[in-house]
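Enquirer: requesting a structural model of the entry that follows:
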Amino acid sequence: MTQTLILRRAVPADLSAVDALFARSYPRLLAPDYPPSVMVLAVPRIVRAQPALLASGTYFLAEDARGRIVGAGGWTRAAPGRSGAGDRRIGHVRHVATDPDVVRQGVGRRLMSRVMQDAREAGIEVMDCASTRTAVPFYAAMGFKVVGDVVVSLAAGVDFPAVRMMADLR
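Expert: Prediction:
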């Protein structure tokens, strides 16, 4: 596990650092599980941090001892791509990434534990997640169960194959 890890809520000023994390993470970690045709279309869209998410108060960052962001992720009541909350008991996992140089060192587990704790404290009973194929084993280890395959629309004509997973927080 990483020696020193600070978990904190993201703020809008973190935008460029989160973009840099996504740019380091997604191309390397997703490549073994997605064909080049998907990677070339999807990666440019998923490596951009969402300012509203950074300002939401429910998005967290993991920093190493040098202050470098090595993990990011959060939750919202609104499903990705939708405005407004649906069922107030359901939270949606949002834009999770870990630096490829620190995978399997506990960063993702600590970050998602904090995300799930925060959601539970806000009254969320079930977490819904559109996982990448790559992250299915990670989410399963965090208590998520596979619901089935889904397609996430990233932009006009760009579809990203994912796996819907859910976890009971009660």
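
Enquirer: so, low pLDDT: which residues of this structure?
Expert: The model of the chain has pLDDT under 70 over residues 1-3, 81-86.

Enquirer: how about the helices in it?
Expert: Listed in chain order, the helices of the chain (DSSP state H) span 15-30, 36-46, 51-54, 107-121, 136-141.

Enquirer: tell me which residues of the shortest one are tucked away?
Expert: Right, helix 51-54. By neighbour count on 16 or more other C-beta atoms under 10 Å, the buried set for helix 51-54 is Leu53, Leu54. No exception for glycine: its C-beta is placed from N, CA and C like everyone else's.

Enquirer: can I get it as PDB, trimmed to CA atoms?
Expert: Taking C-alpha atoms only, helix 51-54 is exported to PDB below (Å, rounded to 0.1, in the frame of the first residue of the first chain):
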ATOM      1  CA  PRO A  51     -16.200  20.600 -13.600                       C
ATOM      2  CA  ALA A  52     -19.600  20.000 -12.100                       C
ATOM      3  CA  LEU A  53     -18.500  16.800 -10.500                       C
ATOM      4  CA  LEU A  54     -15.400  18.400  -9.000                       C
END
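
Enquirer: what helices and strands are in contact with it?
Expert: Here helix 51-54 touches helix 15-30, going by 3 or more C-beta pairs under 8 Å, 6 or more residues apart in numbering; DSSP states H and E.

Enquirer: what residues are up against Ala55?
Expert: By C-beta atoms under 8 Å, 6 or more residues apart in numbering, the contact list for Ala55 reads Ala10, Val11, Pro12.

Enquirer: if we use 10 Å, what do you get?
Expert: Arg9, Ala10, Val11, Pro12, Ala13, Asp14, Leu15 (C-beta atoms under 10 Å, 6 or more residues apart in numbering).

Enquirer: what's the answer for Val152, then?
Expert: Val152 sits in contact with Ala42, Ile46, Pro80, Gly81, Ala130, Thr132, Val158, Asp159, Phe160, Pro161, Ala162, Arg164, where contact means C-beta under 10 Å, 6+ apart.

Enquirer: give me the phi and psi for Gln105.
Expert: Here is the backbone geometry of Gln105 (degrees, to the nearest 10): phi -120, psi 10.

Enquirer: contacting residues for the residue nearest the centre of the chain?
Expert: The geometric centre of the chain, computed from its C-alpha atoms, lies nearest to Val96 (C-alpha atoms, centre = their mean), at 1.6 Å. Val96 makes contact with 25, 59-60, 71-75, 108, 111-112, 115, 129, 131-132, 135, 138-139, according to C-beta under 10 Å, 6+ apart.

Enquirer: would you reformat the contacts of Ala55 as JSON lines and include distance to Gly148?
Expert: Shown next, in JSON lines, are the contacts of Ala55 (distance: C-beta to C-beta, whole Å):
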{"residue": "Arg9", "distance to Gly148": "32"}
{"residue": "Ala10", "distance to Gly148": "30"}
{"residue": "Val11", "distance to Gly148": "36"}
{"residue": "Pro12", "distance to Gly148": "35"}
{"residue": "Ala13", "distance to Gly148": "38"}
{"residue": "Asp14", "distance to Gly148": "33"}
{"residue": "Leu15", "distance to Gly148": "33"}
